[in-house]
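Engineer: below are the sequence and a predicted model for it; my questions follow.
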Amino acid sequence: MRYVVLLCVCDSYHITVMAEGSNRQDVVSEYLQQNPHLAHWVESLRELSETNKHWHARREFVLRNMEVFPTIQPGIPSSSLDRLLSLSKVWANQTFLGCSYPQPVMDKVKEMAEGIGVNKSPVQMTKDEFVGKGKRPSVSAVDAESCVKKHKTVPNDSDSKAGEQNTDCPNAAAVKSGPLPEAPAEHQPFFNRLYKTVAWKLVSAGGFGPNLDHFEILRTCVESCKASLTCVFVPLKDIPDLPAGCTQREGQVCELRCHAVYVGTGYGRDECAARAMASKEALKTFQGRKVMVKICRRRFQGRDVEDLVLLDEQPRSSILPPALSYPF
Amino acid sequence: MGVPAFFRWLSRKYPSIIVHCVEEKSKECNGVRIPVDTTKPNPNEVEFDNLYLDMNGIIHPCTHPEDKPAPKNEDEMMVAIFEYIDRLFNIVRPRRVLYMAIDGVAPRAKMNQQRSRRFRASKEGVELAEEKKKMREEVFQRGGYLPPDEIKERFDSNCITPGTEFMDNLAKCLRYYIADRLSNDPGWRNVTVFLSDASVPGEGEHKIMDFIRRQRGQPNHDPNTHHCLCGADADLIMLGLATHEPNFTIIREEFKPNKPRPCALCGQIGHEIKECQGVAREKKGEHDEFADTVPVSEQEFIFIRLCVLREYLERELTMASLPFPFNFERSVDDWVFMCFFVGNDFLPHLPSLEIREGAIDRLVGIYKDVVHKTGGYLTEHGFVNLERVELIMQAVGVAEDNIFKKRKEDEENFKRRSKEKKKRMKAERGPAFVTGGQFAPRALGGRDRPMPVHNARHTAYDMRMQGSNYQQNKDAASSLKAMLRNGGKDPAGPSDSTDLHGLKRKAEDSDSEPEPEDNVRLWEAGWKQRYYKTKFDVDETDDEFRKKVVKAYVEGLCWVLRYYYQGCASWKWYFPFHYAPFASDFKDIKDMFTDFEKGTKPFKPLEQLMGVFPAASGNFLPPTWRELMSDPDSPIIDFYPEDFAIDLNGKKFAWQGVALLPFVDERRLRAALEKVYPDLTADEVRRNSLGSDVVFVSKSHPLCDFIKELYRSESYEGTGIPPELCFGIQGALSLEEDPILPDKPVESPIPMLRDIPCSSAVLIKFKDPQYEDNYVFKAVILPGAKIPQKVLKPGDWERSNRQPWRPQLGFNHNRQQMHLDQSAFRTLGHHVSSPQQGGQHGPRPPRVAPTMGGQYSNAPPPSTYHQGNYRPPLRDHQHSRQQGFPRNIPPSHPPQYPQLVHGAHGWDRAMQTQVSAYQQNIQRGRGGAGGFQQHVQRPDDRRPQEGYNSRSYGLPPPARRYNWN
């Protein structure tokens, strides 16, 4: 038995513009209907080759970020408009074409695009795939290499060749399941902000210690970063990959994720205890000098999968606990 | 067109279009190089009038060659380019015009391709450098030796783009080069030289086409001009056909597959960078005297005769019982048009049409089937009849499903076969060590009885030593040597680490990688939906979008054809998608296209640089312009991704895939540049401006005085060339601000080349003849043009019961065959030890060959062309060249072909005929007041009835018999 608790965190802004799926588009269309002069103008910004889906997403990006560039006046070409358009294209190219840009640009766009949800293109061809299949042998990106090392430490990963293949050609796995190779980079800015929030919160709570309500702290921090925590509870006895020495058969295990990135797992007599333990584990990660989102290999339902994991900067020697959910 | 497979396909299907070049090499005497006298008749037994050079095909191999070390600096590059042009000039020996065209700013439609090439080059360069570094470390750790890394900067081939300083410099150097040759080389004396540098907009080959088209359009054009165009691109063949000039030849480097490349790390040939062992170089020859000789021969050239291709096409395309009269010229145009479906630089090819799968044959088949329904030709003078095209497309569309299924099947078969082959090879390899000598394994029940073993211990010892010593010794010696060279810094034991690395290497081997999953699966039902979903990210239901793609593609087809036949219709148009639609989507396309926007202007050179360069090549741009490529606040930052995805799109290699780069928004680019325009320096402003073609002639050219007069009278507005002065070539001349004038010095821009103290060249600006806006260049054979003699064996040759068919090997149908006389046979018998084997010897001992030679041509044998995986073409009606000496030829062979014009083999007579032949050629150009042999007066009576090609040239006697004075 397993059930998912979605802790939805929405501030008022998010509720108005950011409802799920098609509703969101409706909101944009409704807004444009109320402002016909804007509708006409914004339509003129559409590019010849843009599909409806891509255009609607980009239109939302443009409309949402209009106030960032107060000098933009609909209908009048200006350099600030061009800057906004450029950033909107950066975002669209990144999302739909698989381009990457210098980090400052990516960070900026990531921030601006927060809240605009799109289904990614079905295929994401990546630079790693290109490298892997090119005429030259792979010179993997730094991430991929560190990832290989990670695999080596996982004892279950007996088939090391498969692991290497996956780094050479993450797409093969990514298409079927698993995080996209660029996902860590995409999530990193958010967790940087979360890291700061947690740090301040802990300061105001008197420092990290055993007597805190860890879940409450983590939840408020995440919420103030305009995101939500996902808790998955699974009874211990339902987990297939327990270490052999484990004799416990009762109780619950909780796994916490934020933006689909795994942050921690905890065990307890009941769900509340498990959740508290998981939060404590998660907050431990935030004790380091920084946090990093990485793709790591771990067990899930008896198979090896690639997962997005939040790690501190220390090389982790311990084995990651098996995943309880797999949102990819 | 970037379709490498196209030329291979063409030359395999139509083998006779290829003629190997005969090149007279310059000789050395007492260490002095004696230049070839290019005023002599062309050894290829044909005289060309005009030579056109698509310079980018020369610049690239000269600046970053693949098969030899790169030139050290820019000056060496320039010299390499000069030498290359000299070589071509020597082979082709144009008598009237030399036209050099460097790529200028290209139409927008081409920009996306250029962009993707440059982004890829930049990316690959970075990756190569990284890999080199990694491999170097590894090799050093293993105790290997590598030559020290050159400190010199990597030549960024991206600088071969109009607007860069490099191109500007190149233009200057070429001016010097032309002036020098016009002053010093007698072969150039009567040639009119045109130079269209990178400041003139348009791609090189299209500038050439524009020149030809515009000359053809005016009344003084000689319809029998023999054109020779140099360049390797397959689309030159299309362009040549599109001119409808009867005498059109293309010259290109011979395509040799699987040429060995030196390892990027140690510079040795025989392995790739990832297999580099860092072993010391082996000695070449006893004293290392062959160290720098590359084992491949010098790149040779081939001619592609378009008139022969036209013959082939005529056979293939001619249709009987048509509802309208058959017009071969129009069907050629249609053929050219259909080739565009398969691939061109401006549009992605249709997914179902793959040249390797015989797509052009399929199209021609469909074309002939459908012609009764279409009721006419697809194109006329470069304008497309969309209604008829739709019928063709629909016919292709019907077959699409099967094509995809077949493709998958073939692929599976291929995989299976190669797997089996691998297995077989493995099985055949046998054990690693087999005992020899008296211990050699013997078949049971064999005839020979087993012998008693002698001295078994000694034999065993020998075998042991032989087995172990040899390999180990070699390894140990090489690593010891390497260690010594590295200064013994590396203590790592060589033997075990080699094993370790060897194993690791194997696991990383890229060949064993699984192929990426193909999500489109064109061979399964629902492929169309999947294709649109994965490639365009649109749903099945989005008909509107699909129509948009088709419309853009239809526009593209019209644009490309117009570009080839009429010139650039719109500088602005481009295909705004990364993928093509399916043939079956071409429905109701009749009204999809009307006309292009008129009066569009090309980009300025620096603007174009901003459009095609990645940020990593920003050093070619002024600082403030460069900033726009990387500044996070730049309004055009989205044009310059750091990295991008490449969709293999069903192909095997990254370079075949589609680079998913964003398209450039012209309006935003211009708006952003407006602000940085004031930052340009005066020199940059000059580089950014549009230039003009220039023409050079030497003092002895009749046009020279006319030009001198223009300069003296300072008449600045354009003046037309009098047609009688320059073989009927027309155009407007206007004064150049920085002219080269006769009897004035010309400064050398290259330190290692000397200045010209007194040049005899003159330079002036040139402008092609202008036509009205809506003038249509006719795609027809001009009146007065003579179609060259047929080369292919007529289909009814056997029935007509004439003498045996004699295939034509070169340009000249009446090529004079050489024959052996008695003394030659004696010599031959002396040198060839057993006369019974004579037939297999082929072009054997070189010291015998030049003095006699049986029935072999003086062209190089074609065997080199069929190396590697190139299958020899079917020898249906082509040169079945007889190599080797026929055994049964009687010692004094009677002249086999009595129709020869000059039957005599005497030295004097042959010489005379050559002179007359050349003289004739000069006479033909009316104003040919050349300096060569003017005193020999030829009666002009023979000329008119003899076509250009039917002129027969005497075979030049072996060159060493020339009297050089």
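Structural biologist: Great, that's in hand. Numbering: from 1, shown residues only, chains lettered A, B, ... in the order given.
Engineer: the residue of the stretch 651-800 of chain B found nearest chain A: neighbour count?
Structural biologist: Per Cβ to the nearest Cβ, residue B:654 is where the stretch 651-800 of chain B lies closest to chain A, at 4.0 Å. Heads up, the C-betas are built off the backbone N, CA and C, glycines and all. Counted with other Cβ atoms under 10 Å in any protein chain shown, residues neighbouring residue B:654 total 20.
Engineer: same check on residue B:690?
Structural biologist: Neighbours around residue B:690, by other Cβ under 10 Å: 13.
Engineer: and residue B:107, how far from chain A?
Structural biologist: 17 Å (Cβ to the nearest Cβ, to the nearest Å).
Engineer: list phi and psi for that residue.
Structural biologist: Here is the backbone geometry of residue B:107 (degrees, to the nearest 10): phi -60, psi 160.
Engineer: also residue B:696?
Structural biologist: phi -120, psi 140.
Engineer: that one against residue B:765, yeah?
Structural biologist: No - Residue B:696 lies out of contact with residue B:765 (Cβ atoms under 8 Å); the separation is 11.2 Å.
Engineer: out of these two, which sits in the busier spot?
Structural biologist: More crowded of residue B:696 and residue B:765, by other Cβ under 10 Å: residue B:696, with 28 against 18.
Engineer: and for the more buried one, nearest residue in space, chain neighbours not counted?
Structural biologist: Once flanking residues are discounted, residue B:696 sits nearest to residue B:193: 4.1 Å by Cβ to Cβ, 6 or more residues apart in numbering or on different chains.
Engineer: check whether the one you found really touches residue B:179, as I assumed.
Structural biologist: No - contact between residue B:193 and residue B:179 fails when scored by Cβ under 8 Å: they sit 9.4 Å apart.
Engineer: now check the longest helix anywhere in chain A, is it near chain B?
Structural biologist: The residue-count maximum for a helix in chain A (DSSP state H) belongs to helix A:183-204. No - contact of helix A:183-204 with chain B (Cβ under 8 Å from any Cβ of the partner chain) is absent, the minimum separation being 11.1 Å.
Engineer: coming back round to it: so for residue B:193 and residue B:179, which residues contact both of them?
Structural biologist: Common contacts of residue B:193 and residue B:179 (Cβ atoms under 8 Å, 6 or more residues apart in numbering or on different chains): residue B:696.
Engineer: and the residue of the stretch 201-328 of chain A closest to chain B?
Structural biologist: Closest residue of the stretch 201-328 of chain A to chain B, Cβ to the nearest Cβ: residue A:306 (15.6 Å).
Engineer: check which helix or strand that residue maps to.
Structural biologist: Here residue A:306, judged by DSSP states H and E, is contained in strand A:303-312.
Engineer: what is the orientation angle of that strand with helix A:183-204?
Structural biologist: 40 degrees (axes from the mean of the first three to the mean of the last three Cα atoms, to 10 degrees).
Engineer: would you mark the buried spots in strand A:303-312?
Structural biologist: A:304-312 (16 or more other Cβ atoms under 10 Å in any protein chain shown).
Engineer: just stretch B:396-403 next, same as before
Structural biologist: Using 16+ other Cβ under 10 Å as the burial criterion, the residues of stretch B:396-403 that qualify are B:396-397, B:399-401, B:403.
Engineer: average pLDDT across that stretch?
Structural biologist: Averaging pLDDT along stretch B:396-403 yields 86.
Engineer: what's in contact with stretch B:670-684?
Structural biologist: Contacts for stretch B:670-684 (Cβ under 8 Å, 6+ apart): A:77, A:79, A:82, B:606-607, B:610, B:622-625, B:628, B:634-636, B:688.
Engineer: which residues in the stretch 551-700 of chain B form helices?
Structural biologist: Using DSSP state H, counting those that start in this stretch, the helices found in the stretch 551-700 of chain B span residues B:605-612, B:623-627, B:666-676, B:682-688.
Engineer: tell me the most buried of these?
Structural biologist: Of all the helices of the stretch 551-700 of chain B, helix B:605-612 carries the top mean neighbour count, a mean of 23, counting by mean count of other Cβ atoms under 10 Å in any protein chain shown.
Engineer: for that helix, give me every contacting residue.
Structural biologist: B:104-106, B:111, B:114-115, B:118, B:161-164, B:198-199, B:602-603, B:620-622, B:625, B:628-629, B:636, B:639, B:664, B:669-670, B:673, B:680, B:684, B:687-690.
Engineer: check stretch B:208-225 too.
Structural biologist: Counting by Cβ under 8 Å, 6+ apart, B:49-50, B:52, B:54, B:96, B:99, B:101, B:194, B:196, B:202, B:227, B:229, B:239, B:242-243, B:245-247, B:564, B:566-567, B:723, B:727-731, B:768-769, B:771, B:775, B:777, B:781-786, B:947-948 sit against stretch B:208-225.
Engineer: those in helices, which ones?
Structural biologist: Going by DSSP H, the helices hold B:239, B:242-243, B:564 from these.
Engineer: check the residues you listed and tell me the two furthest apart.
Structural biologist: Largest separation among those by Cβ to Cβ: B:243 and B:564, giving 9.5 Å.
Engineer: neighbour count: those two, which is higher?
Structural biologist: For residue B:243 versus residue B:564, neighbours defined as other Cβ under 10 Å are more numerous around residue B:564 (24 against 20).
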